[in-house]
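# one predicted model, sequence on top.
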4 protein chains.
Amino acid sequence: MALMRFSVSLDEGLVRQFDAKIKMDRCPTRSKAVGDLIRSSLVQTEWRAGDEVAGAIVLVYDHHKRDIVKKLTNVQHDCHDAIISTQHIHLDHDNCLEILAVRGKPGEIDAIVKCLKAVKGLKHVSLAAGTTGERLL
Amino acid sequence: MALMRFSVSLDEGLVRQFDAKIKMDRCPTRSKAVGDLIRSSLVQTEWRAGDEVAGAIVLVYDHHKRDIVKKLTNVQHDCHDAIISTQHIHLDHDNCLEILAVRGKPGEIDAIVKCLKAVKGLKHVSLAAGTTGERLL
Amino acid sequence: MALMRFSVSLDEGLVRQFDAKIKMDRCPTRSKAVGDLIRSSLVQTEWRAGDEVAGAIVLVYDHHKRDIVKKLTNVQHDCHDAIISTQHIHLDHDNCLEILAVRGKPGEIDAIVKCLKAVKGLKHVSLAAGTTGERLL
Amino acid sequence: MALMRFSVSLDEGLVRQFDAKIKMDRCPTRSKAVGDLIRSSLVQTEWRAGDEVAGAIVLVYDHHKRDIVKKLTNVQHDCHDAIISTQHIHLDHDNCLEILAVRGKPGEIDAIVKCLKAVKGLKHVSLAAGTTGERLL
């Protein structure tokens, strides 16, 4: 992929502030720092625009809860098109951390989150919104 | 304030995507769009770093609720150092929208929000995190 | 408005945790704490559902920037239906904190934020999403 | 774990609104809906309080970018105490979705996110904040 060079004009003080932040974040170059801000804003736009996106859904539950494993498996199979794979961690004797890698339209992913939330016995559901990377070069 | 010009190198496709977003947002120039992203990230840093910040606290309440106006006034006077001024809107016969302009350390502003939230009868409290603009040029 | 009493059954440990948080937040009763959580979740639903909402838009800018006051005034007049009133604070010699009390459909309020963001010279725009309180009793 | 029953008194209209939302979300009972709100607020408190938490970090990158796989592996090995396991999805010919299951103090997890963000060639980093479930019954 070809690199493109363009220049921006900003108040000197703002650039100094930005440089300080870049250094603090140990970000290697201004170009990377500007690119990261642009990419983040584009990922937000993808989710709002309804483009195909990717991300992770995090579940925490006690596997002793009545039928919870069966119910979560059922929900996941109903949505198998959008759930790519699952990672399961035994946090302790009782608690499970389950992470679903998902890909689809934002609406489909929201629907999965809603179905999972309706399962009794779940302690926590959260979503990390990501991207398929296709439109982010 | 002097303008400073610097150039960034990014993948061409990413710049094209960004240009499309800039156009959609009717943002006049790339420099402004990059500057806006930088300023937003710096405001977040100010709040995390504990620098002096500014913003607005939004309250919604029914003024008929027992003593609520008195209680809210008391909390606000206890915190008069950080509350600059107040704007009050009569939304309808019952509901009030009250907006407090605030300025101080993030910890002080969080403490005000907490005290306000503890008042019985409040329907809603939210915060718009802003900046004093001093470090943002 | 009539009070309604209902009971909930939750794991004892969870209730103990919640009680500790209520105490830490100096919230007076469990009913208020549960009511606050319910109201917050309903305000989010109002914004997603496109119901009429209210809130505050926070602007920070340097009033010396060329034509910025004029441009901001123009945008605000174009959207005068949704902007109820404005509060202006002189933060220092240069910086202004301007807080717009707004009311309307979420889409209208987002459009105002977008128009304001497109104005050159603005340092910061943020939104505190609130409610008209009408549906929140 | 023993169930505990307690009752709350709220305005009737608010309970009606909440019931409508519960139905829309297909949540089975009021107790579950109240418990979910309480658990979410407690997870936020855990992250602010610096308690041990768990969650997922989502990375998206083009594996063709120079040395990116090596660099990401290095960062992950430097932080192996907090990274439990990794899930890797080949999104397409170029793009990878990598999901790290993490556990540790919020400060440790933020530090990992920061180190990962500093790697050149990454398209996206996001975090789903979760819980170890230990304190959430």
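Everything's here; your move. Numbers count the residues shown, from 1 in each chain, chains lettered A, B, ... in the order given.
# which stretches of chain A form strands?
Assigned by DSSP state E, chain A shows strands spanning A:3-11, A:53-62, A:83-90, A:95-104, A:122-129.
# any idea how far residue B:136 is from residue A:16?
11 Å (C-beta to C-beta, to the nearest Å). The C-beta positions use only the backbone N, C-alpha and C, and glycine is treated the same way.
# more neighbours: those two, which one.
Between residue A:16 and residue B:136, counted using other C-beta atoms under 10 Å in any protein chain shown, residue B:136 has the larger neighbour count: 22 against 13.
# which non-adjacent residue is nearest the more buried one?
Spatial nearest neighbour of residue B:136, excluding adjacent residues (C-beta to C-beta, 6 or more residues apart in numbering or on different chains): residue C:123 at 4.8 Å.
# neighbours around the one you found, how many?
That count, for residue C:123 with other C-beta under 10 Å as the rule, works out to 27.
# give the contact list for it.
B:39, B:131, B:133, B:136, C:60, C:61, C:62, C:95 (C-beta atoms under 8 Å, 6 or more residues apart in numbering or on different chains).
# go again using 10 Å as the cut-off
Shown in contact with residue C:123 (C-beta atoms under 10 Å, 6 or more residues apart in numbering or on different chains): A:11, A:14, B:35-36, B:39-40, B:42-43, B:130-137, C:59-62, C:65, C:95-96.
# can you check residue A:85 too?
The neighbourhood of residue A:85, defined by C-beta under 10 Å, 6+ apart, consists of A:99, A:100, A:101, A:102, D:87, D:88, D:89, D:97, D:99.
# what sits opposite the first one in the beta ladder?
Residue A:99 has the following beta-bridge partners by DSSP bridges: residue A:58, residue A:87.
# how close does it get to residue B:48?
For residue A:99 relative to residue B:48 (C-beta to C-beta), the value is 26 Å.
# who has more neighbours, these two?
residue A:99 (28 against 10).
# separation between the more buried one and residue B:5?
As judged by C-beta to C-beta, residue A:99 and residue B:5 stand 45 Å apart.
# burial count for residue A:42?
21.
# so it sits against residue B:24, correct?
No - Residue A:42 is beyond contact range of residue B:24, at 11.2 Å (criterion: C-beta atoms under 10 Å).
# can you work out which residues contact both of these two?
In contact with both residue A:42 and residue B:24: residue A:49, using C-beta under 10 Å, 6+ apart.
# where are the low-confidence patches of chain A?
The model of chain A has pLDDT under 70 over residues A:1, A:137.
# chain C contacts on that one?
A:11, A:14, A:48, A:62, A:110, A:123 (C-beta under 10 Å from any C-beta of the partner chain).
# could you measure from the last one over to residue C:24?
When distances are taken as C-beta to C-beta, residue A:123 and residue C:24 turn out to be 21 Å apart.
# same question for the fifth one.
Here residue A:110 is placed at a distance of 32 Å from residue C:24 (C-beta to C-beta).
# compare these two (neighbour count), which wins?
Taking neighbours as other C-beta under 10 Å, residue A:110 and residue C:24 compare with residue A:110 leading, 14 against 11.
# hang on, isn't that one packed against residue A:127?
Yes - contact criterion C-beta under 10 Å: residue A:110 and residue A:127 qualify, at 8.4 Å.
# tally of neighbours for residue A:12?
Neighbourhood size, residue A:12 [other C-beta under 10 Å]: 14.
# ignoring the adjacent residues along the chain, who's closest to it?
Nearest to residue A:12 is residue B:4, by C-beta to C-beta, 6+ apart, at 4.1 Å.
# so what's the one you found bridging to?
Beta-bridge partners of residue B:4, as defined by DSSP bridges: residue A:10.
# can you count the residues close to it?
14.
# quick one: the closest residue to residue A:39 other than its chain neighbours from residue B:13, how far?
Closest residue to residue A:39 apart from its sequence neighbours, by C-beta to C-beta, 6+ apart: residue A:136 at 5.4 Å. According to C-beta to C-beta, residue A:136 and residue B:13 sit 8 Å apart.
# list the buried residues in stretch A:43-54.
A:43, A:45, A:46, A:47, A:51, A:53, A:54 (16 or more other C-beta atoms under 10 Å in any protein chain shown).
# give me the angle between the lengthiest helix in chain A and strand B:3-11.
Using DSSP state H, we find that the single longest helix of chain A is helix A:30-49. If you take axes from the mean of the first three to the mean of the last three C-alpha atoms, to 10 degrees, helix A:30-49 sits at 70 degrees to strand B:3-11.
# got the CA positions of helix A:30-49 in CSV?
In CSV, the C-alpha atoms belonging to helix A:30-49 read as follows (Å, rounded to 0.1, in the frame of the first residue of the first chain):
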residue,chain,number,x,y,z
ARG,A,30,3.7,11.9,14.9
SER,A,31,2.4,10.1,11.8
LYS,A,32,1.6,7.0,13.8
ALA,A,33,-0.1,9.1,16.5
VAL,A,34,-2.2,11.0,14.0
GLY,A,35,-3.0,7.8,12.1
ASP,A,36,-4.2,6.1,15.4
LEU,A,37,-6.6,9.0,16.1
ILE,A,38,-7.9,8.8,12.5
ARG,A,39,-8.4,5.1,12.7
SER,A,40,-10.2,5.3,16.0
SER,A,41,-12.6,7.9,14.7
LEU,A,42,-13.2,5.7,11.6
VAL,A,43,-14.0,2.6,13.6
GLN,A,44,-16.7,4.6,15.5
THR,A,45,-18.1,5.7,12.1
GLU,A,46,-18.2,2.0,10.9
TRP,A,47,-20.3,1.1,14.0
ARG,A,48,-22.7,4.0,13.5
ALA,A,49,-22.9,3.5,9.7
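# that one vs strand A:53-62, what angle?
80 degrees.
# quick check: phi and psi on residue A:94?
phi -110, psi -40 (degrees, to the nearest 10).
# residue C:48 versus that one, what's the distance?
34 Å.
# from the contacts of residue A:85, list the buried ones, please.
A:99, A:100, A:101, A:102, D:87, D:89, D:97, D:99.
# from those residues, pick the one nearest chain B.
The shortest approach to chain B among the buried ones among the contacts of residue A:85 belongs to residue D:97, at 18.5 Å (C-beta to the nearest C-beta).
# is the closest one in contact with residue A:87, as I believe?
No - Residue D:97 is beyond contact range of residue A:87, at 11.9 Å (criterion: C-beta under 10 Å).
# mind listing the shared neighbours of these two?
With C-beta under 10 Å, 6+ apart as the test, residue D:97 and residue A:87 both reach A:56, A:101, D:87, D:88.
# surely the third one touches residue D:100?
Yes - in this structure, residue D:87 is within contact of residue D:100 by C-beta under 10 Å, at 8.1 Å.
# need the residues touching each of those two.
With C-beta under 10 Å, 6+ apart as the test, residue D:87 and residue D:100 both reach A:56, A:87, A:99, D:56, D:58.
# how far away is the residue located most distally from the centre of chain A from residue B:2?
Of all residues in chain A, residue A:12 has its C-alpha farthest from the mean position, at 34.5 Å, by C-alpha atoms, centre = their mean. Between residue A:12 and residue B:2 the computed distance is 5 Å (C-beta to C-beta).
# one more: residue A:57?
Between residue A:57 and residue B:2 the computed distance is 48 Å (C-beta to C-beta).
# if you count surrounding residues, which of the two has more?
Set side by side, residue A:57 and residue B:2 show more neighbours around residue A:57, with 23 against 7, by other C-beta under 10 Å.
# is it true that the more buried one touches residue D:55?
No - at 11.4 Å, residue A:57 and residue D:55 do not qualify as touching, with contact defined as C-beta under 10 Å.
# hang on, the earlier thing: any idea how far the residue farthest from the centre of chain A is from residue C:119?
Taking C-beta to C-beta, one finds residue A:12 at 21 Å from residue C:119.
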